[in-house]
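Enquirer: structure of the sequence below:
(one chain, ligands or ions: 1)
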Amino acid sequence: MTPKIPCVHCGQDWLQKYQLKGTREIFWACPECESLWLEDQDTSEETDLYISEFLESKGIGWDHAEKAM
Ligand SMILES: [Zn+2]
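Expert: Down below sits the predicted model:
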């Protein structure tokens with residue numbers, strides 16, 4: 001089981017693990033505030049990334065990400 005990681009940004013939800021189709025890149029995101037942590041970032045510290053900006057910077061949409069186990 002993946003340990004539950006609370007969102008340090010909003011404190012309202014647990015982080016979900018996602019994976020990009022194709023590159024298999026892993027990231028963590030909060031469903032509540034859409035904060036995003038890359039796999040090598042410390043999820044116990046604040047992030048300044050957001051899902052929408054992250055996907056936009058890659059020129060892709062949500063359909064390129066899927067929940068990872
Ligand atoms: Zn959050």
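Enquirer: for this protein, what lies in contact range of the ion?
Expert: Counting by C-beta under 5 Å from the ion, the chain comes close to the ion at 7, 9-10, 30, 32-33, 35. Placement of C-beta: from N, CA and C, glycine included.
Enquirer: residue ranges of the strands in the chain, please?
Expert: If DSSP state E is used as the criterion, the strands of the chain fall at 16-20, 26-29, 35-38, 49-50, 65-67.
Enquirer: dump those strands to a markdown table, plus distance to Glu56.
Expert: Converted to a markdown table, these look like this (distance: least, C-beta to C-beta, whole Å):
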| stretch | distance to Glu56 |
| --- | --- |
| strand 16-20 | 13 |
| strand 26-29 | 14 |
| strand 35-38 | 12 |
| strand 49-50 | 9 |
| strand 65-67 | 12 |
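Enquirer: mean neighbour count and distance to Ser57 added to the ones you listed, as CSV?
Expert: Below are the strands of the chain laid out as CSV (neighbours: other C-beta atoms under 10 Å; distance: least, C-beta to C-beta, whole Å):
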stretch, mean neighbour count, distance to Ser57
strand 16-20, 16, 12
strand 26-29, 20, 12
strand 35-38, 20, 11
strand 49-50, 16, 9
strand 65-67, 12, 13
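Enquirer: run through the bridge partners of Leu49.
Expert: For Leu49, the beta-bridge partners are Leu36 (DSSP bridges).
Enquirer: can I assume Glu45 is in contact with His9?
Expert: No - the criterion here is C-beta atoms under 8 Å, and Glu45 misses it with His9 at 10.0 Å.
Enquirer: who has more neighbours, the two?
Expert: His9 (20 against 9; other C-beta atoms under 10 Å).
Enquirer: quick one: contacts for the closest residue to that one other than its chain neighbours?
Expert: With sequence-adjacent residues excluded and distances taken as C-beta to C-beta, 6 or more residues apart in numbering, His9 is closest to Ser35, at 4.1 Å. Shown in contact with Ser35 (C-beta atoms under 8 Å, 6 or more residues apart in numbering): 7, 9-10, 29, 47, 49-51.
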